[in-house]
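**Student:** quick one, what's the 3D model for this:
(2 chains)
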Number of protein chains: 2
Amino acid sequence: MSHGTISEHAFPGAGAPPPAPISLEEWRQMEQAALFTSEDARYLRMSWDVLRNQVDDVLDVWYDFIAAHPFLLRTFSRRSDGQPDQRYLEAVRQRFARWIETTALANYDQQWLNEQYEIGRRHYRTAKNQTDHVDSVDIVPFRFIVPLVSPLATTLKPFLAQKGHPPDQVEKMHLAWLKSMLLQVTLWSQPYLREGDF
Amino acid sequence: MSHGTISEHAFPGAGAPPPAPISLEEWRQMEQAALFTSEDARYLRMSWDVLRNQVDDVLDVWYDFIAAHPFLLRTFSRRSDGQPDQRYLEAVRQRFARWIETTALANYDQQWLNEQYEIGRRHYRTAKNQTDHVDSVDIVPFRFIVPLVSPLATTLKPFLAQKGHPPDQVEKMHLAWLKSMLLQVTLWSQPYLREGDF
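**Tutor:** The predicted structure is shown next:
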């Protein structure tokens, strides 16, 4: 699967997402603030070789975590009866799989920034539920987005060790993932903020 | 120095900060989302025995990091001439020292939640510069707050290893700090958000 294909699948039907209100220069400053360097990008790409055959297993763990916490599962519930919408969960899962690949390929350019802004809009009132035409709660509460970096990063680590890399390389892949996730949840926050506060 | 004394020093003159618009129940959900447990609180308290004599050294590293990045140092600059305000930097540094202790003591109750909201207000337009009566930029841009968890957590780790704890205990102290920082930057974000979005 080529990188180009992923972007198309992640944003089906809509063509390229509109420009994010953040410049590449502002993004480079964010990378510096997170100590994210080209070495991290290299370890992320190394992680793709490790993860590419484990994506479904990773998602099983992450979805189990969500399912075990009603206040998280609520994000995927129908407004009509409060029950989880399986079609919605499945549609998001497919994008989640592509997100693992996109994160690991680490081509963090303006097109990617635009995609992150679109992901943020899909968490916020501006566009939640629209992509999958579901009738669910109208926002992912902000207070869960950043904290979820912890279980996602923690549960990813054993998968990164599955292909026999030495512990220091596993550690560096893990740290690169952590930095990338910190940066991405920040980008996803932009639609929640007033203009000029980001 | 007792815990009570810290709270008084961290919020001088103002008495107790006003109630944060978050309930203890919502906070407990955030802890669960971050996989933060009583074991993490225990490792944070263990970390205080390690860090208490190294606080100034930790702050030297963190302040050097800020000083090395003009877009971060700008947060502490005077509006009149654009230069860093040394008195402001020093006043924040004293609160930063107390923040290390408060984080490590891990008494995360409603009073502590109120204090985190007040810290958030001091980052945002609502109260930045007021505590120290300085004339600086009127907001800490949101895009740097979450990414800074990376350098703070990364540079803290060697300090956690300074008292001869076995690697797995150092690792657990470090992870507990990471989780706590993720949760705290989330709490500090609340003043940036519209009511109902948090």
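
**Student:** where does pLDDT dip in chain A?
**Tutor:** Within chain A, the stretches with pLDDT under 70 are A:1-14.

**Student:** could you list every helix and strand in contact with the helix or strand containing A:E31?
**Tutor:** Per DSSP states H and E: A:E31 is located in helix A:24-33. Other helices and strands packing on helix A:24-33, by 3 or more CB pairs under 8 Å, 6 or more residues apart in numbering or on different chains; DSSP states H and E, are helix A:110-123, helix A:167-189, helix B:70-73, helix B:142-145. The way it works is simple: take the backbone N, C-alpha and C, and place the C-beta from them, glycine included.

**Student:** who touches stretch A:113-122?
**Tutor:** Contacts to stretch A:113-122, defined as CB atoms under 8 Å, 6 or more residues apart in numbering or on different chains, come from residues A:7, A:10-11, A:16-22, A:24, A:27, A:99, A:102, A:127-128, A:130-131, A:184, A:187-192.

**Student:** among those residues, the buried ones, what's the PyMOL command?
**Tutor:** Buried subset of the contacts of stretch A:113-122, written as a PyMOL selection, criterion 16 or more other CB atoms under 10 Å in any protein chain shown:
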select buried, chain A and resi 7+10+11+17+20+22+27+99+102+128+131+184+187+188+189+190+191+192
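
**Student:** what about the contacts of stretch A:113-122, which are in helices?
**Tutor:** Under the assignment DSSP state H, these contribute A:7, A:10, A:24, A:27, A:99, A:102, A:184, A:187-189 to helices.

**Student:** tell me which two of the residues you listed sit farthest apart.
**Tutor:** A:S7 and A:S189 (21.6 Å; CB to CB).

**Student:** touching, A:L175 and A:D40? I think so.
**Tutor:** Yes - under the contact definition of CB atoms under 8 Å, A:L175 touches A:D40, with a separation of 7.3 Å.

**Student:** so these two - more neighbours on which side?
**Tutor:** A:D40 (23 against 19; other CB atoms under 10 Å in any protein chain shown).

**Student:** residues in contact with the more buried one?
**Tutor:** Contacts of A:D40 by CB under 8 Å, 6+ apart are A:106, A:172, A:175-176, A:179-180.

**Student:** what about the nearest residue to A:D49 once chain neighbours are set aside, distance to A:V170?
**Tutor:** Using CB to CB, 6 or more residues apart in numbering or on different chains and skipping residues adjacent in sequence, the residue nearest A:D49 is A:K163, 7.2 Å away. For A:K163, the distance to A:V170 equals 9 Å [CB to CB, to the nearest Å].

**Student:** over to A:E101?
**Tutor:** 19 Å.

**Student:** just give the closest residue to A:L148, not the sequence neighbours.
**Tutor:** A:L148 sits nearest to B:A33 (CB to CB, 6+ apart), 5.5 Å away.

**Student:** count the neighbours of A:R52 for me.
**Tutor:** 12.

**Student:** with the one 10 residues further on instead?
**Tutor:** Each residue near A:W62 was counted by other CB under 10 Å, and the total is 18.

**Student:** three-state assignment of it?
**Tutor:** Using DSSP: H, G, I helix; E, B strand; the rest coil, the secondary structure recorded for A:W62 is helix.

**Student:** the residue nearest to it when sequence neighbours are not counted: neighbour count?
**Tutor:** The shortest distance from A:W62 to any non-neighbouring residue, by CB to CB, 6+ apart, is to A:L152 (6.4 Å). Applying other CB under 10 Å, we find 17 residues neighbouring A:L152.

**Student:** same deal with A:Q83?
**Tutor:** Residues lying near A:Q83 (other CB under 10 Å) number 10.

**Student:** look up phi and psi at A:R78.
**Tutor:** Dihedral pair for A:R78: phi -80, psi 140, per degrees, to the nearest 10.

**Student:** now the closest residue to it other than its chain neighbours: how far from chain B?
**Tutor:** The shortest distance from A:R78 to any non-neighbouring residue, by CB to CB, 6+ apart, is to A:D85 (4.9 Å). Per CB to the nearest CB, to the nearest Å, A:D85 is found 20 Å from chain B.

**Student:** hmm, A:R79 and A:D85 touching each other?
**Tutor:** No - A:D85 lies out of contact with A:R79 (CB under 8 Å); the separation is 9.5 Å.

**Student:** ok, A:W48 to A:N107 distance?
**Tutor:** 12 Å.

**Student:** quick one, which of the two is more surrounded?
**Tutor:** A:W48 (17 against 11).

**Student:** leaving out sequence neighbours, find the closest residue to that one.
**Tutor:** Closest to A:W48 by CB to CB, 6+ apart is A:A104, at 3.7 Å.

**Student:** burial count for A:V170?
**Tutor:** 22.

**Student:** mind listing what it touches?
**Tutor:** The contact partners of A:V170, by CB under 8 Å, 6+ apart, come to A:157, A:160-161.

**Student:** one more: A:P17?
**Tutor:** Contacts for A:P17 were tallied using CB under 8 Å, 6+ apart; they are A:11, A:114-115, A:117-118.
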